[in-house]
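*Asks:* structural data only, the sequence is not supplied:
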């Protein structure tokens, strides 16, 4: 009877051990499955986001290439025009006067421009000329642009500066009294006073 | 009979802890991936939003073309009205 109970006890212990192992397997594997499902859901979101990125960035290369080609053409035209009209030396000097150190880089389509000693244009032309040239860098191109106004007001450039001062006559001149009319044909005539210009009757106290 | 007991002890003392340990490691690794994937998804979404302005490149392209055309006309006029150097 004792061996039978012993065998039964061994068997029960083994069954308990196996059940414990299976229970651990079930618990952890189900947990892993849930984690993998969460990962799958996250990866679905990642794929959606990356797909949008790919879709949105698809035309960028072609557009940027086209813009660069257009800008290259513009640079070529402006460089050629500047060199043609001003001559190589003055062109280099003008660029150097506007952007110090730019003469060392030279013009892109004129490799020989790097060997030109830039004349000091700033000493030949007035500062105002260079300032206008610098403003022109921003204004004439933008004036033809449909994008909107240029950086400075072309037609009323002084209004912004005048509005910095107290409001007297810059925007409402019609409220001011008219200037008096003087002269022999003035509508109001005053008699000349004899005491004006005559010696003082009493000197001021010191 | 003794071998059975030894087997039971091995099962309970060695195999069960090893199985539990390995499964814990697998579960921890799987759970550690989840926040990383969620962070990547958020970054991808923000990156996609950042590229919303890429469509405006078409407008930029048109404006660049028109601007260069204006510059070309401007340059052409200057070429006519200004004398060449030298």
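*Replies:* Arrived safely, thanks for sending. Predicted model only: the values in this text are computed from it and were never measured. Numbers count the residues shown, from 1 in each chain, chains lettered A, B, ... in the order given.

*Asks:* buried residues, stretch B:32-39. List them.
*Replies:* By neighbour count on 16 or more other Cβ atoms under 10 Å in any protein chain shown, the buried set for stretch B:32-39 is B:34, B:37, B:38. Heads up, the C-betas are built off the backbone N, CA and C, glycines and all.

*Asks:* contacting residues for the second one?
*Replies:* Taking Cβ atoms under 8 Å, 6 or more residues apart in numbering or on different chains as the criterion, residue B:37 is in contact with A:38, A:39, A:42, A:43, A:46.

*Asks:* filter those residues by proximity to chain B?
*Replies:* Residues of those in contact with chain B (Cβ under 8 Å from any Cβ of the partner chain): A:38, A:39, A:42, A:43, A:46.

*Asks:* mind giving me a markdown table with those residues and columns for pLDDT and neighbour count?
*Replies:* Below are the ones next to chain B among the contacts of residue B:37 laid out as a markdown table (pLDDT from 0 to 100; neighbours: other Cβ atoms under 10 Å in any protein chain shown):
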| residue | pLDDT | neighbour count |
| --- | --- | --- |
| A:38 | 93 | 17 |
| A:39 | 94 | 17 |
| A:42 | 92 | 20 |
| A:43 | 94 | 14 |
| A:46 | 93 | 19 |
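
*Asks:* closest to chain B among those?
*Replies:* Distance to chain B, by Cβ to the nearest Cβ, is smallest for residue A:42 among those, at 3.3 Å.

*Asks:* check the gap between the residue of chain A found nearest chain B and residue A:28 for me.
*Replies:* Closest approach between chain A and chain B, counting by Cβ to the nearest Cβ: residue A:49, at 2.7 Å. In this view, residue A:49 and residue A:28 are 31 Å apart by Cβ to Cβ, to the nearest Å.

*Asks:* same question for residue A:58.
*Replies:* The gap separating residue A:58 from residue A:28 is 44 Å, by Cβ to Cβ.

*Asks:* so where is chain B shaky, pLDDT-wise?
*Replies:* B:86 (pLDDT under 70).

*Asks:* ok and the residue in it nearest chain A?
*Replies:* residue B:44 (2.7 Å).

*Asks:* burial of that residue, as a residue count?
*Replies:* 19 (other Cβ atoms under 10 Å in any protein chain shown).

*Asks:* can you tell me the closest non-neighbouring residue to it?
*Replies:* Spatial nearest neighbour of residue B:44, chain neighbours left out: residue A:49 (2.7 Å); criterion: Cβ to Cβ, 6 or more residues apart in numbering or on different chains.

*Asks:* how about that neighbour, what does it touch?
*Replies:* Residue A:49 touches B:41, B:43, B:44, B:45, B:47, B:48, counting by Cβ under 8 Å, 6+ apart.

*Asks:* mind running it again at 7 Å?
*Replies:* Applying Cβ atoms under 7 Å, 6 or more residues apart in numbering or on different chains, we find residue A:49 in contact with B:41, B:44, B:45, B:47, B:48.

*Asks:* closest to the centroid, which residue in chain B?
*Replies:* Note on chain B: the residue nearest the mean C-alpha position is residue B:44, at 5.1 Å, using Cα atoms, centre = their mean.

*Asks:* in the helix or strand hosting that residue, what's buried?
*Replies:* In the assignment (DSSP states H and E), residue B:44 maps to helix B:16-50. Going by neighbour count (16+ other Cβ under 10 Å), the buried part of helix B:16-50 is B:16, B:19-20, B:23, B:27, B:30-31, B:34, B:37-38, B:40-41, B:44-45, B:48.
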